[in-house]
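In: Next input, structure requested:
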Amino acid sequence: MKPIGVMLYAMTDMTPQMTYARYLALDDLTRLQNPISGEDDELLFIIIHQTKELWLKQMITELRLAVTQISADALVPAYKALARVSRIQAVMTLSWDILSTMTPSDYTRFRHVLGPSSGFQSDQFRTVEFMLGLKDKSFLKYQDERPEAQAAMQAALDNPSLWDETILAAGRAGLDLPDEVTKRDWSKAYHPHAAVEAAFLTVYMQPERYWELYQLAEKLVDLDDALAAWRHKHMLTVERIIGGKPGTGGTAGAHYLHGTLAKRAFPELWTLRTQL
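Out: Numbers count the residues shown, from 1 in each chain. Take a look at the predicted model:
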């Protein structure tokens, strides 16, 4: 009688039977956390940030899908991807609470090993910002040594953002929008436009007529709301751990983060509310 191990290989054409660890590449995954300082809190710091990068990867996948669907006027199917992104954002925001269990003294013991590295340099976070519509090509320079990451950022910079595609969809739905917002250079930073606000004010005043656009707009507000909450919690966590000291990588730390709180990817969806 053949040993069980031999029989398993025979039944699967010499391919090992799938296991939880093999499917998730757990051995590879759990070898990717390599603290340098020997301090326990550095492991937490690494895991928090690696986890955020994995969630950013999923967000990029969902945003690409949503942009493709909206460009094809499949607005209702896009709701699912956008809802998923907003829930991922909520999880990412909650993770700051875990990091805040690390005290200033804890962080000081290993902060030196970070050198000039900083979350400010995250290509995936900037790609998400670009895909939402918050475009700033100055961040490309941080990926000069990582051509694939830089190419992904460049593609997000050059192509219509989620907000651009939503505006284009509104135009196809019959709302009056000028060429300066529908035929602009997509790589440039978006600036609020009175015609866009007027168009979406119409959507909000006639939700029954523009129901799909109305629901899409609210999904976008969910994303902006969640991003603002993430930024605020990030700032508070940094203040709690390093106070007003400069951040790593030459950033201004909490002072810089405070300046990002007013950013809105879909500005007219906020300002139109005053007129309702």
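
In: There's contact between residue 32 and residue 50 in this structure, I believe.
Out: Yes. Using C-beta atoms under 8 Å, residue 32 is in contact with residue 50, at 6.7 Å. For the C-beta atoms, the positions are set from N, CA and C on the backbone; glycine is no exception.

In: and residue 246, what pLDDT?
Out: Model confidence at residue 246, given as pLDDT, is 78.

In: do you know how far it is from residue 230?
Out: Here the criterion is C-beta to C-beta, to the nearest Å. By it, residue 246 lies 22 Å from residue 230.

In: Looking at those two now, which is surrounded by more residues?
Out: Ranked by neighbour count (other C-beta atoms under 10 Å), residue 246 and residue 230 place residue 230 first, with 18 against 13.

In: which residues does the more buried one contact?
Out: 89, 92-93, 96 (C-beta atoms under 8 Å, 6 or more residues apart in numbering).

In: need the residues you listed in TSV with secondary structure, neighbour count and pLDDT, can you?
Out: Putting the contacts of residue 230 into TSV (DSSP: H, G, I helix; E, B strand; the rest coil; neighbours: other C-beta atoms under 10 Å; pLDDT from 0 to 100) gives the following:
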residue	secondary structure	neighbour count	pLDDT
89	helix	22	98
92	helix	21	97
93	helix	18	97
96	helix	20	96
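
In: from what I can see residue 242 touches residue 104, true?
Out: Yes. Using C-beta under 8 Å, residue 242 makes contact with residue 104 at a distance of 6.6 Å.

In: Between these two, point out the one with more neighbours.
Out: The neighbour comparison of residue 242 against residue 104 (other C-beta under 10 Å) goes to residue 242, with 17 against 12.

In: Distance of the more buried one relative to residue 43?
Out: From residue 242 to residue 43 the distance is 19 Å (C-beta to C-beta).

In: what do you get for residue 234?
Out: 20 Å.

In: what does residue 15 give?
Out: From residue 15 over to residue 43 (counting by C-beta to C-beta), the distance is 34 Å.

In: Comparing those two, which residue is more hemmed in?
Out: The neighbour count for residue 15 versus residue 43, taken as other C-beta under 10 Å, is higher for residue 43 (15 against 9).

In: mind showing which ranges of the protein have poor pLDDT?
Out: 1-13, 249-250, 252 (pLDDT under 70).

In: on that earlier part again, nearest to residue 161, out of the contacts of residue 230: which one, please.
Out: residue 89 (16.8 Å; C-beta to C-beta).

In: mind listing what the closest residue to residue 182 other than its chain neighbours touches?
Out: Excluding the flanking residues, the one nearest residue 182 by C-beta to C-beta, 6 or more residues apart in numbering is residue 171, at 5.4 Å. For residue 171, the contact set (C-beta under 8 Å, 6+ apart) comprises 177, 182, 199.

In: Now the helix or strand containing the last one: buried residues?
Out: In other words, residue 199. Per DSSP states H and E: residue 199 is located in helix 194-205. Neighbour counts using 16 or more other C-beta atoms under 10 Å place 195-197, 199-204 of helix 194-205 among the buried residues.
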